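**Q** Just need the structure, nothing else, for what follows:
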Amino acid sequence: QAQNRRGSSGRTPFGLRPPYIPPLLPSLILIDALSHLGCRAAEGSVRRLGDRVRITVQLIEATSRTHLWAERYDRAMEDVFAIQEEISQNIVATVAQRVRDDREVLARRRRPEDMHAYDLFLQANRLSDDFTPGSQERVLSLFERAVKIDPTFARAYTGLAYAYLNRAIDNGIGAPREKDENRIKALRFAEQALVLDPNDPKVHCTLGFMCLTWRDFDRAERHLDLARTMNPNDPIIQIIWAWMQGALGRPERGLAAAQIALRINPRHPSWYNYYLSHILFQLGRYSEAAVLLEQRTFDSPIRHPRDMAWRAAAYGHLGRIEEANECVDVFVQAVRTLWIGDPAAGPAEYVDWLVDVSYLREPRDVERLRAGLRLAGLPA
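**A** Model prediction:
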C-alpha cells in the first residue's frame, strides 16, 4: 500500500519522521526509530507534483540497515489506486524469500523445544513439493514429530492435513472418502489447526482446501474467502482460491486470481499448473490447458492419472484424437493399478471417480469434462 513511511510492524512513526527524506536515501533517524519499534523494513513516500503523483517505494531492513529494494512510480493522479496492488505485489515478490529466511533465523532464537519443533516444520516444508510416496512419508513423519514436541503449533497441523491427504492418494483410489481414514485425519487436523489459531490465513486456507476435497463447497468458500481477505499477497492462498472459483463454476474469477498468484511467485512449483490447467479447460482454452498438462506429466505420466485424463479431454475437444487415445490408455492403466474400490469396476467407474475428485459443482463444467473424455474414447 502507498502509505507514507509505514513500518512493517504496522506502526507508523510519524512523530519521528524528518520533514523530508530524499527518495532512495532513507534517514538513519527513521531507520533507528523503526528498529526500536520492532520493524524489519520500511516502505515508501508519496509526493504530489501538480496533477501527477510520485510514489517512491523502498524497503530497508531496520535492524541491519540493509537496503532491500526500491522503485519509483510517476503517475497521473487518477491512476494512483490502480497501482496500489502492483506496488504491494512487487514488494511481496521481491522480499518473500528474504522474509522467509529471516523467519528461519528468528526461529533459532526460540526456547529449545519450540526451536526444534519449528526446525522440523521447516524441514517438512522444504520436502512438501516432492510428491513421491517416499518423500511424502518423510514429510508426514517430520510434521508428526513437530506437533509431538509442540502440540499448540497450528501450522504443523496444517502440514499434517496435507500430508495425510497425499497419503490417501498414494494408498489407492476408488474407496468412498467417508471410509478413508487418511482423508478423515486430514480434515480433522485442519480443524484442529483452526482451534489453535483462528487468526492465521494459512489455517483457513488449509481447512478450506480440505472442505473442498470433501465437496463441502459452502464451508470451503467461507474459509478460503477469509484466508484471501486476510492475506491477498500469499501466492498459495491465491492459487487455491483460484482453483475453488473454478470448482464453483466461476473460472473467469479463478483465472484472474491465478494470474495474481503467478505474478507474486513467478518461480512457482509445478502443482500451480494443475489448478491453472483446469481453469483454462473450463474456459474452453484447451490448447493452453494441454500445454500445462503436458508439462505436468512429461516425466512420469503413469504417476498422474488425473492429469492424463484432463489432458485426454483437452485433446478430445481439440480433435487430437490419436494423442487423446494414448492419454486414455495411460489413465486406465494407472487407475487400474491404484484402484481399491469395487473389483468389478472398469473405465466407466474410473470416469465417475475422476469427475468426483475434480470437485466441479456446476453440471455444465462436469459435462464439458465428460464430453472431452467421450471424444477421447472413454465411456463418459
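**Q** SS state for the residue nearest the centre of the chain?
**A** Taking C-alpha atoms, centre = their mean, the centroid of the chain lies closest to Ile236, which sits 1.8 Å from it. Counting by DSSP: H, G, I helix; E, B strand; the rest coil, the backbone at Ile236 sits in helix.
**Q** Can you list the helices and strands that the helix or strand where Leu140 lies packs against?
**A** Secondary-structure element containing Leu140, defined by DSSP states H and E: helix 133-149. Under the contact criterion of 3 or more C-beta pairs under 8 Å, 6 or more residues apart in numbering; DSSP states H and E, helix 133-149 touches helix 112-127, helix 154-170. The C-beta positions use only the backbone N, C-alpha and C, and glycine is treated the same way.
**Q** I'd assumed Arg54 was in a strand, is it?
**A** Yes: assignment of Arg54 by three-state DSSP places it within a strand.
**Q** just checking, it touches Ala76?
**A** No: contact criterion C-beta atoms under 8 Å: Arg54 and Ala76 do not qualify, at 11.3 Å.
**Q** out of those two, which sits in the more crowded spot?
**A** With neighbours defined as other C-beta atoms under 10 Å, Arg54 and Ala76 compare such that Arg54 has more, 14 against 11.
**Q** can you give me the helices for the stretch 151-300 of the chain?
**A** Shown for the stretch 151-300 of the chain, the helices assigned by DSSP state H, counting those that start in this stretch span residues 154-170, 181-196, 201-213, 217-230, 235-247, 251-264, 271-282, 286-297.
**Q** Any chance of CSV for the ones you listed, columns mean pLDDT and distance to Ile340?
**A** Shown next, in CSV, are these (pLDDT from 0 to 100; distance: least, C-beta to C-beta, whole Å):
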stretch, mean pLDDT, distance to Ile340
helix 154-170, 92, 11
helix 181-196, 96, 12
helix 201-213, 97, 17
helix 217-230, 97, 25
helix 235-247, 97, 25
helix 251-264, 96, 31
helix 271-282, 97, 23
helix 286-297, 96, 23
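**Q** Roughly how far does the residue nearest to the centre of the chain sit from Ala156?
**A** 16 Å (C-beta to C-beta, to the nearest Å).
**Q** Count the residues that sit near Glu322.
**A** 7.
**Q** what about it, which helix or strand?
**A** Here Glu322, judged by DSSP H and E, is contained in helix 321-338.
**Q** From the contact counts, what lies against that helix?
**A** helix 305-318, helix 347-357, helix 363-376.
**Q** need the ones you listed in a markdown table with mean pLDDT, distance to Gly246 and mean neighbour count, can you?
**A** Listed next are those as a markdown table, based on pLDDT from 0 to 100; distance: least, C-beta to C-beta, whole Å; neighbours: other C-beta atoms under 10 Å:
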| stretch | mean pLDDT | distance to Gly246 | mean neighbour count |
| --- | --- | --- | --- |
| helix 305-318 | 98 | 12 | 26 |
| helix 347-357 | 97 | 14 | 18 |
| helix 363-376 | 98 | 8 | 18 |
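**Q** ok so, going back, how about the helices and strands packed on helix 133-149, which one is nearest Lys185?
**A** helix 154-170 (4.5 Å; C-beta to C-beta).
**Q** Counting by contacts, list what the closest one packs against.
**A** On a contact count with 3+ C-beta pairs under 8 Å, 6+ apart, helix 154-170 meets helix 112-127, helix 133-149, helix 181-196, helix 201-213.
**Q** Check those helices for me and report the most buried one.
**A** Sort the helices and strands packed on helix 154-170 by mean neighbour count, taking mean count of other C-beta atoms under 10 Å, and helix 201-213 sits at the top with a mean of 24.
**Q** got the contact list for it?
**A** Where contact means C-beta atoms under 8 Å, 6 or more residues apart in numbering, the residues beyond helix 201-213 that reach it are 154-155, 158, 161-162, 165, 177, 183, 186-187, 190-191, 193-194, 196-198, 217, 219-224, 226-228, 230-231, 234, 236-237, 240-241, 243-244, 247, 357, 359.
**Q** and if you look at stretch 241-257?
**A** With contact meaning C-beta under 8 Å, 6+ apart, stretch 241-257 is reached by 205, 208, 212, 217, 220-221, 224-225, 227-228, 238-239, 258, 261, 275-276, 278-280, 282-283, 359-362, 364-365.
**Q** Give me the number of neighbouring residues for the residue lying closest to His204 once chain neighbours are set aside.
**A** Excluding its sequence neighbours, the residue lying closest to His204 (C-beta to C-beta, 6 or more residues apart in numbering) is Ala227, at 3.9 Å. Neighbours of Ala227 under the rule other C-beta under 10 Å: 26.
**Q** again, but for the one 4 residues further on
**A** The burial count assigned to Asn231 is 16, neighbours taken as other C-beta under 10 Å.
**Q** can you pull the contacts of it?
**A** Neighbour list for Asn231: Pro201, Ile237 [criterion: C-beta under 8 Å, 6+ apart].
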